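J.: the sequence isn't on hand, but the structure is:
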C-alpha cells in the first residue's frame, strides 16, 4: 500500500469516527454611529467551529510522526506504542563472509539497523488473517466438483 492510499484510509476513518479539528474564528468589530454622529464599536466573537480532517491534514500528521520517529532513532531511543509495537535500533554483530566465486574472505564491521518488535494487536491481526486464509481453503475443498461434463449438457 502506498502512502497516499494509507492517508486516504486514515482520513476516511477519522471522518467515520466524526473526529474534527477545532477552528478558532476571530472577532469582528462593528462600528455604529447614532444620529448625533457618535460612533460606538461592538466586538462580535463568532462561535468556534469544528471541521473534519482532510487528507492534507492527515499527510501533515503522518509526516510529523515519521520525522519524530526518525529523530528519536538517530539518538538511539526506542519508540514504544502500546499494542502496536516497539521500534528501535539494534547493533548487528561483525561477521566474516566468503566472497562468491573466489577464495577471499571479507570482514563486515558491526552496524546498527532498525528493529521492530510487534505488539499484541498486530499479533492478533496476523492470526485473524491466517485463520481467514485457512477458512477459504477449507471452503474450496468442501465444494463438490460437478460429476458431469459440460459436453453432456449440450
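T.: It's in. Remember, predicted model here, so these are calculated numbers, not experimental data.
J.: show the backbone phi and psi for residue 8.
T.: Residue 8 adopts backbone torsions of phi -60, psi -40, taken as degrees, to the nearest 10.
J.: what's the distance between the residue in the chain sticking out farthest from the centre and residue 29?
T.: Ranked by distance from the centre of the chain (C-alpha atoms, centre = their mean), the top residue is residue 36, with 63.4 Å. Per C-beta to C-beta, to the nearest Å, residue 36 is found 21 Å from residue 29. C-beta here means a position set from N, CA and C on the backbone, and glycine is covered the same way.
J.: residue 134 now?
T.: 68 Å.
J.: what's the answer for residue 123, then?
T.: Taken as C-beta to C-beta, the span from residue 123 to residue 29 is 58 Å.
J.: neighbour count: these two, which is higher?
T.: residue 123 (12 against 9; other C-beta atoms under 10 Å).
J.: and the more buried one, which of the three is it?
T.: Under DSSP: H, G, I helix; E, B strand; the rest coil, the three-state class of residue 123 is helix.
J.: from residue 107, how far off is it?
T.: 37 Å.
J.: pLDDT below threshold where in the chain?
T.: The model of the chain has pLDDT under 70 over residues 1, 22-26, 28, 44-50, 143-154.
J.: can you pull out the helices in it?
T.: 3-16, 55-74, 120-142, 150-153 (DSSP state H).
J.: so what touches the first one?
T.: It refers to helix 3-16. For helix 3-16, the surrounding residues in contact (C-beta atoms under 8 Å, 6 or more residues apart in numbering) are 52-55, 57-59, 62.
J.: could you give the bridge partners of residue 33?
T.: On the basis of DSSP bridges, residue 33 is bridged to residue 39.
J.: that one against residue 42, yeah?
T.: No - with contact defined as C-beta atoms under 8 Å, residue 33 does not reach residue 42; the gap is 12.0 Å.
J.: contacting residues around stretch 99-117?
T.: In contact with stretch 99-117 (C-beta under 8 Å, 6+ apart) are residues 73, 85-98.
J.: repeat that for stretch 76-96.
T.: Stretch 76-96 is contacted from outside by 69, 72-73, 105-122, using C-beta under 8 Å, 6+ apart.
J.: and those, which of them are buried?
T.: Listed as buried from those are residue 73; burial here means 16 or more other C-beta atoms under 10 Å.
J.: among the contacts of stretch 76-96, which ones are in strands?
T.: 105-108, 111-118 (DSSP state E).
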